[in-house]
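Peer 1: using only what follows, build the 3D model:
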Amino acid sequence: MTSNEPDITPGKAVDMPRPSEATDRGLQSVLDRAAEGGRVTPEEALGLYRFAPLHALGQAADAIRRRRYAGTEHIATYIIERNINYTNVCVTACRFCAFYAAPKDTAKGWTRDLDDILRRCAETVELGGTQIMFQGGHHPDYGVEYYEEHFAAIKKAFPQLVIHSLGASEVEHMARISKVSVEEAIQRIHAAGLDSFAGAGAELLPARPRKAIAPLKESGERWLEIMEVAHGLGVESTSTMLMGTGETNAERIEHLRMIRDVQDRSHGFRAFIPYTYQPENNHLKGQTQATVFEYLRMLAIARIFLDNVPHIQGSWLTVGKEAGQLALHYGADDLGSVMLEENVVSSAGAKHRSNRMELLQLIRSADRVPAQRATTYEHLVVHDDPANDPVDDHVVSHLSSTALDGPDAARSHPELKVIGAS
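Peer 2: You can find the predicted model right below:
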C-alpha cells in the first residue's frame, strides 16, 4: 500500500514514482477507513501524502471534519486577536527568522515598555479582540520574573483578555535565566495570568531539519516534553508546523506522529496549525519553499492523521486568502484570526491583508457560516444573518507596527490613529 523507501530529497513534493493502480485502490481504502473514524498509521499517512489524489484527500478530510462536528459542521470559526511582540532581541538566531536582532545589535534591537504593551491591549479590547499573543525573542535578560510582571499587569488592567502566548522554547529559556525548573516556570507564569500556550517554537520537530534551521533551540523531543508538562499542569496549548525550509515529506509526517503520540497521553493540544516559510530577509533566502498544493495536502493529512487533536486551523496569513478559503474544504474548521498586529512573518515577507468583513465573506463563499470564537473555540457570535454583520472596517488584519515610531508610522497602523481621535 505504501512504500518504505527513504524520502531524502529536501523540499520536493513528490519524490518517488507514481504508484500502481493497485496501490491507488489501497490508498483509497485507507481514506475510506479514516473517513469512517479509523486510525491511520504513519506509514499510511506518508503514502497518502505522497500519492493520494488531492481531491480525494480533501474529501476524506472534510468527511472527518463533518463527522467530528456533526450539528455544527456548517460553521467555520475565526478569532480577533493581537500579536504583541515585546522584543526582537534574541539569542537563538534561527535561520528562517527575519525578525530577530542579536543582543549586541543596539541599532536594530528594541523592547517595548509596559505602558506601550498595555496601550496595545486597550486598542485590542476597543476593536473587539478577545485574545493576545505575547511573543518575542529570547532576550538574554528576561527570566520568569519579566513574564510574571507583564502578565499580571495585563490581567489586572484587562481581565477579559485571554493571554494565549509563548511556547516551550520561551519556557526553556526563561527557566534557564531564572535558574528554576520548567515546572516552576510554567506554574508561576500561569498563576500570573497566562491562560494557554500558543505552541510557538515548534517549527519542525524531527532532529535533522530542526538542527538545520534552529540549531540553538531545544530538541523537538524536549519541546514536546515541556508541552506535556504544561498539559499536566492544566495549561493547554496549540501545536504548529513550519513548512518549506527543506524538510522531506517523511519528516513532515514524523512531525505529526510526534505530536499525536504526546496527545495520546496528555490531551492538551487544542489545535494544529501548519504555516509556510516566508523567504524574505532571512538566512535561508528562499532556497526552498512549500507550494500551496503541498500546504493543502498537509492540512488534509493533518485532519486525517491527528484524530486526537480537535481543531485544524487554516493559515491564510502565509498562503493567501484564496488558499485559506480552500483550506475549509481540506479539513480545517477554523480560518485563523483577524490579527490586529503581527510582525514576525511580516518581516519575512508575508503581505496578505484582510479585515473582519472580508473574512466573513471568505467563509460564506466557502459555503460555511462564520462564527467568532473564543480561545477555547466556543462560539461567541454566529453570523447567520449577513444583514446583521459588523461593519467596523477598523478591525483590520494584519499590519506591522514595528515602525510605529519611525518614518513609516503613518501607514503602519492607520486605524489606531482613528481610535485615538475618537
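
Peer 1: contact partners of the helix or strand residue 297 falls within?
Peer 2: Per DSSP states H and E, residue 297 falls inside helix 292-305. If you take CB atoms under 8 Å, 6 or more residues apart in numbering as the criterion, helix 292-305 is touched by 13, 31, 34, 40, 42, 45, 48-49, 54, 57-58, 60-61, 64-65, 241, 243-244, 252-253, 256-257, 260, 272, 274, 276, 290, 309, 312, 314-315, 319-320, 323, 326-327, 330-332. Where C-beta positions appear, they are placed from N, C-alpha and C, glycine not excepted.

Peer 1: got the CA positions of it in CSV?
Peer 2: Provided in CSV are the C-alpha atoms of helix 292-305 (Å, rounded to 0.1, in the frame of the first residue of the first chain):
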residue,chain,number,x,y,z
VAL,A,292,0.0,25.9,-2.0
PHE,A,293,-0.7,22.3,-3.0
GLU,A,294,1.7,20.9,-0.5
TYR,A,295,0.1,23.1,2.1
LEU,A,296,-3.4,21.9,1.3
ARG,A,297,-2.2,18.3,1.3
MET,A,298,-0.7,18.8,4.7
LEU,A,299,-3.9,20.3,6.1
ALA,A,300,-5.9,17.3,4.8
ILE,A,301,-3.3,14.8,6.1
ALA,A,302,-3.3,16.6,9.5
ARG,A,303,-7.1,16.2,9.8
ILE,A,304,-6.9,12.6,8.7
PHE,A,305,-3.9,11.6,10.9
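
Peer 1: which helices and strands sit right next to the helix or strand just after that helix?
Peer 2: Per DSSP H and E, the first helix or strand lying C-terminal to helix 292-305 is strand 311-312. Counting contacts by 3 or more CB pairs under 8 Å, 6 or more residues apart in numbering; DSSP states H and E, the secondary-structure elements packed against strand 311-312 are strand 269-276, helix 292-305.

Peer 1: now the angle from the helix holding residue 297 to strand 269-276?
Peer 2: Angle of helix 292-305 versus strand 269-276, following axes from the mean of the first three to the mean of the last three CA atoms, to 10 degrees, is 160 degrees.

Peer 1: tell me the mean pLDDT over stretch 151-162?
Peer 2: Mean per-residue pLDDT for stretch 151-162: 98.

Peer 1: swap in stretch 64-74?
Peer 2: 98.

Peer 1: list the buried ones in it?
Peer 2: Of all the residues in stretch 64-74, those buried under the rule 16 or more other CB atoms under 10 Å are 64-65, 68.

Peer 1: could you list the buried residues of the helix holding residue 297?
Peer 2: Buried residues in helix 292-305 (16+ other CB under 10 Å): 294-305.

Peer 1: swap in stretch 150-165?
Peer 2: Neighbour-count burial for stretch 150-165 [16+ other CB under 10 Å]: 150-151, 153-155, 158, 161-165.

Peer 1: and the end-to-end length of it?
Peer 2: Taking CA to CA, to the nearest Å, stretch 150-165 runs 12 Å from one end to the other.

Peer 1: give me the number of residues near residue 24?
Peer 2: Here the count is done by other CB atoms under 10 Å, and residue 24 has 15 residues near it.

Peer 1: residues in contact with the helix or strand hosting it: which ones?
Peer 2: Using DSSP H and E, residue 24 sits within helix 21-35. Under the contact criterion CB under 8 Å, 6+ apart, helix 21-35 has outside partners 1-2, 19, 40, 44, 47-48, 51-52, 56-57, 59-60, 63-64, 67, 304, 307.

Peer 1: how about the strands in this protein?
Peer 2: Assigned by DSSP state E, the strands in the chain fall at 75-85, 131-135, 162-165, 196-197, 237-243, 269-276, 311-312, 334-339, 354-355, 369-373, 379-382, 396-397.

Peer 1: worst average pLDDT in those?
Peer 2: strand 396-397 (a mean of 58).

Peer 1: before we move on, the earlier item: any of the contacts of helix 21-35 buried? List them.
Peer 2: Judged by 16+ other CB under 10 Å, buried ones among the contacts of helix 21-35: 1-2, 19, 40, 44, 47-48, 51-52, 56-57, 59-60, 63-64, 304, 307.

Peer 1: where does pLDDT dip in the stretch 201-350 of the chain?
Peer 2: Low-confidence segments of the stretch 201-350 of the chain (pLDDT under 70): 278-289, 341-350.

Peer 1: same check, this time on the stretch 1-150 of the chain
Peer 2: Residue ranges of the stretch 1-150 of the chain with pLDDT under 70: 1-22, 93-96, 98-100.

Peer 1: could you report the neighbour count for the closest residue to residue 117 other than its chain neighbours?
Peer 2: Nearest non-adjacent residue to residue 117, counting by CB to CB, 6 or more residues apart in numbering: residue 84, 5.8 Å away. Neighbour count for residue 84, taken as other CB under 10 Å: 26.

Peer 1: same question for the one 3 residues further on.
Peer 2: One way to gauge burial is a neighbour count; for residue 87, by other CB under 10 Å, it gives 19.

Peer 1: who's in contact with it?
Peer 2: 109-112, 136-137, 139, 142.

Peer 1: redo that, cut-off 7 Å
Peer 2: 110-112, 136-137, 139 (CB atoms under 7 Å, 6 or more residues apart in numbering).

Peer 1: and stretch 206-221, C-alpha only, in PDB?
Peer 2: What follows is stretch 206-221, C-alpha atoms only, in PDB (Å, rounded to 0.1, in the frame of the first residue of the first chain):
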ATOM      1  CA  PRO A 206      12.400  16.000  13.800                       C
ATOM      2  CA  ALA A 207      16.100  16.300  14.500                       C
ATOM      3  CA  ARG A 208      17.700  16.800  11.100                       C
ATOM      4  CA  PRO A 209      15.500  19.700   9.900                       C
ATOM      5  CA  ARG A 210      15.300  21.300  13.300                       C
ATOM      6  CA  LYS A 211      19.100  21.400  13.700                       C
ATOM      7  CA  ALA A 212      19.400  22.800  10.100                       C
ATOM      8  CA  ILE A 213      17.100  25.800  10.800                       C
ATOM      9  CA  ALA A 214      17.200  26.400  14.500                       C
ATOM     10  CA  PRO A 215      20.400  24.800  15.900                       C
ATOM     11  CA  LEU A 216      20.400  26.800  19.100                       C
ATOM     12  CA  LYS A 217      16.900  25.800  20.200                       C
ATOM     13  CA  GLU A 218      15.900  22.800  22.300                       C
ATOM     14  CA  SER A 219      15.300  19.500  20.500                       C
ATOM     15  CA  GLY A 220      11.900  18.600  19.200                       C
ATOM     16  CA  GLU A 221      11.600  15.900  21.900                       C
END
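
Peer 1: which residues touch the residue nearest the centre of the chain?
Peer 2: When CA atoms, centre = their mean is applied to the chain, the residue found nearest the centroid is residue 273 (4.3 Å). Shown in contact with residue 273 (CB under 7 Å, 6+ apart): 238, 240, 313, 315.
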